[in-house]
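**Student:** The sequence isn't on hand, but the structure is:
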């Protein structure tokens with residue numbers, strides 16, 4: 001039966017114990033992992049893309065996306081504490097609704113993490129080309145090496161985003177070396193980001209001009225399904241900035257005392273970052289303005305579009321917030337703090353790789369567990385004897401991320417990543433309700449309050465944001481899903497350990513054997 005292959009919680013936990021990753025992360029490291037991913041491209045770079053969609057209504061967009069993330073985080077917290085293994089939403093779906101739906105979730109998570117990591121790499125490239133090369137050393141990187149093709153929403157004369165490729169491959173190498181080492185580097189980078197944002201708020205908030213918020217909703221509250229504009233459309237894009245808390249759950253198998261530490265990391269990182277987002281967005285828009293560039297029909301030009309890229313080369317818009325590739329540093333330069341702006345650019349340059357690190361970390365752990373379950377090649381779940389990391393799948397993922405970062409702009413990549421994210425979050429909420437029914441007596445060290453209200457709110461919220469993505473981004477998910485279904489039915493289904501009765505941890509050692517004929 002298509003929906004009949006459910007892997008028991010006991011089998012999941014036993015298999016993870018048999019072929020597991022080293023537990024080295026505490027609650028503080030987990031929270032920093034979440035903050036490291038959440039505070040990143042969403043506020044350093046996507047502030048510009050969000051303003052192009054909503055204008056000053058970007059602040060409302062942060063509130064909408066944050067509210068949906070809060071209810072989703074509560075769903076994640078209960079299941080992650082109950083099933084403290086790698087795999088995130090994929091594993092939770094496997095334990096509640098079966099292998100087929102679990103595959104669709106795992107495949108969507110690949111879209112989420114890999115594309116999101118590419119988006120952050122592109123965002124980092126903007127700070128590298130602007131603050132580091134241009135404003136510090138007076139070097140102008142040739143357009144054909146600094147951006148993707150104009151036809152894909154890059155820049156005139158663009159061909160390949162070489163800095164984005166370089167940083168993606170560098171972070172991949174760091175992750176291959178080891179999880180503990182990565183966490184230590186991440187902790188330092190998170191502190192740098194927090195310090196930079198505190199300085200930004202200190203300099204901008206006292207200079208806020210209320211007139212910059214008028215009109216507050218130049219594109220309206222709701223631009224219409226599939227348009228991707230208005231405050232709700234911006235929320236669908238800004239949602240990308242909150243996916244860091246999801247990466248915390250993927251680290252559950254490498255966490256000490258996960259029943260206690262995973263919920264702390266999930267909810268703590270989300271609450272901390274939401275406050276930062278709203279204040280920083282207010283400071284940016286309130287000082288230099290954030291009105292979108294309107295098309296001839298009175299609707300903002302789409303982010304990541306060739307039309308917007310052309311408009312941003314015109315003298316009238318060259319210095320607009322919505323055209324900046326390094327939004328926060330740009331704001332400080334515009335209000336007379338050029339040197340401080342450069343310092344913030346340095347902070348973003350140094351710290352944004354931590355976001356790529358966490359996203360790649362999450363992606364490789366999804367691949368690791370799907371391989372461990374027999375749905376992907378067994379070699380992908382091999383752990384390096386010295387570094388204790390899934391090195392093969394990490395290198396494969398890093399190369400794919402670098403390829404996407406080479407040619408696509410940050411706005412498009414963020415919307416594509418969100419399509420997979422929203423589907424996965426919705427399935428976690430459904431899994432919570434299913435497990436409450438079928439495993440009512442299972443020990444839950446953290447229980448989602450008002451679960452039968454919180455979970456439906458998560459489902460409705462995720463669907464609402466999904467249908468407010470641009471139409472192209474909405475179509476990416478079913479197109480990507482179709483590719484995944486072909487792989488599942490042509491390769492994965494007959495090799496599944498559960499389907500072959502090999503979900504016992506001892507039998508799982510046969511993962512590399514071909515299916516019986």
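**Tutor:** That came in fine, so what should we check first? Because the structure is predicted, anything quoted here is derived from the model rather than measured.

**Student:** What segments of the stretch 151-300 of the chain are helices?
**Tutor:** 162-177, 179-204, 230-238, 244-250, 258-288 (DSSP state H, counting those that start in this stretch).

**Student:** so after the longest one, what's the next helix or strand?
**Tutor:** Pointing back at helix 258-288 there. helix 306-311 (DSSP states H and E).

**Student:** and that next one, what's its mean pLDDT?
**Tutor:** Averaged across helix 306-311, pLDDT comes to 86.

**Student:** now what about that helix, what contacts it?
**Tutor:** Helix 306-311 is touched from outside by 52, 150-151, 153-156, 293, 295, 301-302, 317, 322-323, 409, with contacts defined as C-beta atoms under 8 Å, 6 or more residues apart in numbering. C-beta here means a position set from N, CA and C on the backbone, and glycine is covered the same way.

**Student:** Show me what the helix or strand following that helix packs onto, helices and strands only.
**Tutor:** Where DSSP H and E defines the elements, the next helix or strand beyond helix 306-311 is helix 327-334. Judged by 3 or more C-beta pairs under 8 Å, 6 or more residues apart in numbering; DSSP states H and E, helix 327-334 is in contact with helix 41-44, helix 46-54, helix 179-204, helix 258-288, helix 338-351.

**Student:** Next, the angle helix 338-351 makes with helix 327-334.
**Tutor:** Orientation of helix 327-334 against helix 338-351 (axes from the mean of the first three to the mean of the last three C-alpha atoms, to 10 degrees) gives an angle of 170 degrees.

**Student:** residues in contact with residue 51?
**Tutor:** 58, 234, 284, 285, 290, 291, 292, 321, 322.

**Student:** Would you reformat those residues as TSV and include distance to residue 420, pLDDT and neighbour count?
**Tutor:** Putting the contacts of residue 51 into TSV (distance: C-beta to C-beta, whole Å; pLDDT from 0 to 100; neighbours: other C-beta atoms under 10 Å) gives the following:
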residue	distance to residue 420	pLDDT	neighbour count
58	23	91	32
234	19	91	33
284	28	92	30
285	29	94	28
290	28	89	28
291	31	92	20
292	26	93	26
321	28	89	24
322	26	88	25
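
**Student:** Could you double-check that residue 299 sits in contact with residue 230?
**Tutor:** No: counting by C-beta atoms under 8 Å, residue 299 stays clear of residue 230, with 9.5 Å between them.

**Student:** what is in contact with these two at once?
**Tutor:** With C-beta under 8 Å, 6+ apart, residue 299 and residue 230 have common neighbours 219, 223.

**Student:** For these two, work out which one has more neighbours and name it.
**Tutor:** The neighbour comparison of residue 299 against residue 230 (other C-beta atoms under 10 Å) goes to residue 230, with 26 against 16.

**Student:** Quick check: that one touching residue 50?
**Tutor:** No: using C-beta under 8 Å, residue 230 is not in contact with residue 50, being 11.2 Å away.

**Student:** returning to what we had before: return the member of the helices of the stretch 151-300 of the chain having the minimum mean pLDDT.
**Tutor:** Among the helices of the stretch 151-300 of the chain, helix 244-250 scores lowest, with a mean of 65.

**Student:** Report how many residues lie close to the nearest residue to residue 171 once chain neighbours are set aside.
**Tutor:** Closest residue in space to residue 171, ignoring its immediate chain neighbours: residue 356 at 4.6 Å, by C-beta to C-beta, 6 or more residues apart in numbering. Counted with other C-beta under 10 Å, residues neighbouring residue 356 total 32.

**Student:** still on that earlier bit, comparing the helices and strands packed on helix 327-334, which stretch has the densest surroundings?
**Tutor:** helix 46-54 (a mean of 31; mean count of other C-beta atoms under 10 Å).

**Student:** what mean pLDDT does the helix or strand that contains residue 125 have?
**Tutor:** Assigned by DSSP H and E, residue 125 falls within helix 99-127. Regarding helix 99-127, the rounded mean pLDDT is 88.

**Student:** got it, and stretch 365-382?
**Tutor:** pLDDT averaged over stretch 365-382 gives 83.

**Student:** And that stretch, what's buried?
**Tutor:** Buried residues in stretch 365-382, counted by 16 or more other C-beta atoms under 10 Å: 365-378, 380-382.

**Student:** Residue 328 contacts residue 344, correct?
**Tutor:** Yes: counting by C-beta under 8 Å, residue 328 does reach residue 344; the two are 5.6 Å apart.

**Student:** list the residues that contact both of the two?
**Tutor:** 196, 200.

**Student:** Could you check the pLDDT of residue 178?
**Tutor:** pLDDT at residue 178 comes out at 70.

**Student:** Quick check: closest non-adjacent residue to it.
**Tutor:** Leaving aside its chain neighbours, residue 178 sits nearest to residue 387 (4.7 Å; criterion: C-beta to C-beta, 6+ apart).

**Student:** and the one you found, how many neighbours?
**Tutor:** Other residues close to residue 387 by other C-beta under 10 Å number 16.

**Student:** Relative to the whole chain's centre, how far out is the helix or strand following the helix holding residue 125?
**Tutor:** Sequence-wise, the next helix or strand downstream of helix 99-127 (DSSP H and E) is helix 137. Distance of helix 137 from the chain centroid (C-alpha atoms, centre = their mean, to the nearest Å) equals 32 Å.

**Student:** Helix 137 - what's its average pLDDT?
**Tutor:** So the average pLDDT for helix 137 ends up being 89.

**Student:** Could you do stretch 49-57 as well?
**Tutor:** Rounded mean pLDDT across stretch 49-57 is 91.

**Student:** before we move on, what about stretch 493-513?
**Tutor:** Mean predicted confidence for stretch 493-513 is 60.

**Student:** would you turn the helices and strands packed on helix 327-334 into a markdown table with distance to residue 80?
**Tutor:** Output for the helices and strands packed on helix 327-334, formatted as a markdown table (distance: least, C-beta to C-beta, whole Å):
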| stretch | distance to residue 80 |
| --- | --- |
| helix 41-44 | 22 |
| helix 46-54 | 26 |
| helix 179-204 | 17 |
| helix 258-288 | 4 |
| helix 338-351 | 26 |
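
**Student:** Just tell me which of these ends up closest to residue 29.
**Tutor:** helix 179-204 (4.9 Å; C-beta to C-beta).

**Student:** Which residues are in contact with the closest residue to residue 205 other than its chain neighbours?
**Tutor:** Computed as C-beta to C-beta, 6+ apart, the closest residue to residue 205 that is not its neighbour in sequence is residue 283, at 4.9 Å. By C-beta under 8 Å, 6+ apart, residue 283 lies in contact with 200, 201, 203, 204, 205, 208, 331.

**Student:** For residue 489, give its distance to residue 496.
**Tutor:** 11 Å (C-beta to C-beta, to the nearest Å).

**Student:** cool, residue 92 as well?
**Tutor:** 17 Å.

**Student:** Same check on residue 142?
**Tutor:** Taken as C-beta to C-beta, the span from residue 142 to residue 496 is 49 Å.

**Student:** Quick check: which ranges of the stretch 351-500 of the chain have low pLDDT?
**Tutor:** 411 (pLDDT under 70).

**Student:** Please enumerate the helices of it.
**Tutor:** According to DSSP H, counting those that start in this stretch, the helices that the stretch 351-500 of the chain contains are 353-372, 391-407, 410-438, 451-466, 471-487, 493-495.

**Student:** So of the contacts of residue 283, which two are at opposite extremes in space?
**Tutor:** Longest span within these, C-beta to C-beta: 200 and 208, 12.5 Å.

**Student:** ok, residues contacting stretch 329-341?
**Tutor:** By C-beta under 8 Å, 6+ apart, stretch 329-341 touches 127, 130-131, 135, 199-200, 203-204, 207, 283-284, 287-288, 319, 321, 324, 328, 342, 344-345, 348.
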